[in-house]
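Q: how would this look folded up:
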Amino acid sequence: MHGGAKGSGAPSGKQNGAWRHGERTKEAMALMSKIAGLVREMRALAGKV
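A: The predicted structure follows:
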């Protein structure tokens, strides 16, 4: 079975060797998700005005 073991797959972060800019780090993705949620909220509130 491929990829079934715990810890299998590519290492995260700089250990991967393909680290370039940090645009897709877990922290950046969490921030983008939070911002998208806030934008959805603002649009919903603007639609009620």
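Q: CA atoms for contacts and neighbours, from now on please.
A: Will do.
Q: low pLDDT regions in this protein?
A: For the chain, applying pLDDT under 70 flags the ranges 1-3, 18-19.
Q: Tell me which residue lies nearest the centroid of it.
A: The structure's the chain has its C-alpha centroid closest to M29; by CA atoms, centre = their mean the separation is 2.2 Å.
Q: where exactly do the helices run in this protein?
A: Listed in chain order, the helices of the chain (DSSP state H) span 26-48.
Q: for G22, what are its contacts?
A: Contacts for G22 (CA atoms under 8 Å, 6 or more residues apart in numbering) come out as A28.
Q: Look up phi and psi at it.
A: phi 80, psi 10 (degrees, to the nearest 10).
Q: Any idea how many residues pack against N16?
A: Per other CA atoms under 10 Å, the neighbour tally for N16 reads 9.
Q: Looks like it contacts A10 (just checking).
A: Yes - at 6.3 Å, N16 counts as touching A10 under the criterion of CA atoms under 8 Å.
Q: ok, now how distant is the residue lying closest to the residue nearest to the centre of the chain once chain neighbours are set aside from S8?
A: Among residues not flanking M29 along the chain, E23 sits closest, at 7.9 Å (CA to CA, 6 or more residues apart in numbering). Using CA to CA, to the nearest Å, E23 is found at 23 Å from S8.
Q: Also N16?
A: Taken as CA to CA, the span from N16 to S8 is 13 Å.
Q: just L38 next, same as before
A: Note on L38: its distance to S8, by CA to CA, is 35 Å.
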